[in-house]
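Colleague: Below are the sequence and a predicted model; questions follow.
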Amino acid sequence: DAGITQSPRHKVTETGTPVTLRCHQTENHRYMYWYRQDPGHGLRLIHYSYGVKDTDKGEVSDGYSVSRSKTEDFLLTLESATSSQTSVYFCASQSSLGEQYFGPGTRLTVT
Amino acid sequence: GENVEQHPSTLSVQEGDSAVIKCTYSDSASNYFPWYKQELGKRPQLIIDIRSNVGEKKDQRIAVTLNKTAKHFSLHITETQPEDSAVYFCAASMNSGYSTLTFGKGTMLLVSP
């Protein structure tokens, strides 16, 4: 599983509160990604990073921000959570061969 | 941008039968096509991938074929077993620099004993 972990694994929060999800990898992979997974939509890219302090938007980036201050850590922040952001969030890191490996996921519920 | 269509959305087979899942992509520049298996409540796991310089790749009971002219690729599972039951996702990317993966919406495979 490419030594990739996520925290927390489960979180329930209220509408309007800020939330930060953490992804940590021990493979020294340059590229990292945040996806959300919803029924009927598969995996959709939120943001990705191609190096420390280098990030870009994905398909569904509205309402999300990211930061990458170290190679091993990639943070996803919901500045003001909404019910539409209830989802399962996966991070991934990419090997030098282009293979992406996923973390175990975070189940976020916004009430 | 890239668009990946995946069919069927659900597939039920008897144990021992073969299963085929098909994907089409839109961007002719795509050259990397991985397949992921996701069991219920688990992370997606890479099971096989193919690059555009080959037409077929096998790994035990699973194989992937690629037709670049038609822009489609398929996952073949032979001698299916109940533990093959899962959601399978195809994806496509240019696999250069920081190109991103575009995923199909998934196929739920159910293998009945």
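Modeller: Ah, there it is.

Colleague: CA atoms for contacts and neighbours, from now on please.
Modeller: Will do.

Colleague: Give the bridge partners for the residue of chain A found nearest chain B, please.
Modeller: Closest residue of chain A to chain B, Cα to the nearest Cα: A:Gly42 (4.3 Å). Note on A:Gly42: beta-bridge partners by DSSP bridges are A:Asp38.

Colleague: isn't there a helix covering B:Thr24?
Modeller: No - counting by DSSP: H, G, I helix; E, B strand; the rest coil, one finds B:Thr24 to be strand, located in no helix.

Colleague: now it, which residues is it bridged with?
Modeller: With DSSP bridges applied, B:Thr24 shows beta-bridge pairing to B:Glu5, B:His72.

Colleague: How much space separates it from B:Pro34?
Modeller: B:Thr24 sits 13 Å away from B:Pro34, taking Cα to Cα, to the nearest Å as the criterion.

Colleague: same thing with A:Thr82?
Modeller: With Cα to Cα as the criterion, A:Thr82 and B:Pro34 are 33 Å apart.

Colleague: okay, the two: which has more neighbours?
Modeller: B:Pro34 (23 against 18; other Cα atoms under 10 Å in any protein chain shown).

Colleague: Now the more buried one: closest residue in space that isn't a chain neighbour?
Modeller: Distance criterion Cα to Cα, 6 or more residues apart in numbering or on different chains; nearest residue to B:Pro34, sequence neighbours excluded, is B:Asp49 at 3.9 Å.

Colleague: How many neighbouring residues does A:Val110 have?
Modeller: By other Cα under 10 Å, the residues close to A:Val110 number 18.

Colleague: Verify the stated contact: it with A:Ala81.
Modeller: Yes - using Cα atoms under 8 Å, A:Val110 is in contact with A:Ala81, at 6.7 Å.

Colleague: Need the overlap of contacts for these two.
Modeller: A:13-15 (Cα atoms under 8 Å, 6 or more residues apart in numbering or on different chains).

Colleague: so which of the residues you listed are also by chain B?
Modeller: Near chain B, taking Cα under 8 Å from any Cα of the partner chain as the test, no member of the shared contacts of A:Val110 and A:Ala81 is found.

Colleague: What ranges does the chain have for its strands?
Modeller: In the absence of a named chain, this looks at chain A. For chain A, the strands defined by DSSP state E cover A:4-7, A:10-13, A:19-25, A:31-38, A:42-51, A:54-57, A:64-70, A:73-78, A:87-94, A:100-102, A:106-110.

Colleague: if you could check chain B rather than the one you did, that'd help
Modeller: Per DSSP E, chain B carries strands over the ranges B:4-7, B:10-14, B:19-25, B:32-38, B:45-51, B:56-59, B:62-67, B:72-77, B:86-92, B:102-103, B:107-112.

Colleague: Now tabulate those in a markdown table and tack on mean pLDDT.
Modeller: What follows is these, written out as a markdown table (pLDDT from 0 to 100):
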| stretch | mean pLDDT |
| --- | --- |
| strand B:4-7 | 97 |
| strand B:10-14 | 98 |
| strand B:19-25 | 98 |
| strand B:32-38 | 96 |
| strand B:45-51 | 95 |
| strand B:56-59 | 94 |
| strand B:62-67 | 96 |
| strand B:72-77 | 97 |
| strand B:86-92 | 97 |
| strand B:102-103 | 94 |
| strand B:107-112 | 97 |
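
Colleague: and of the ones you listed, who's closest to A:Met32?
Modeller: Among the strands of chain B, the nearest to A:Met32 by Cα to Cα is strand B:102-103 (14.7 Å).

Colleague: What helices and strands are in contact with that closest one?
Modeller: Packed against strand B:102-103 by the contact rule (3 or more Cα pairs under 8 Å, 6 or more residues apart in numbering or on different chains; DSSP states H and E) you find strand A:42-51, strand B:86-92.
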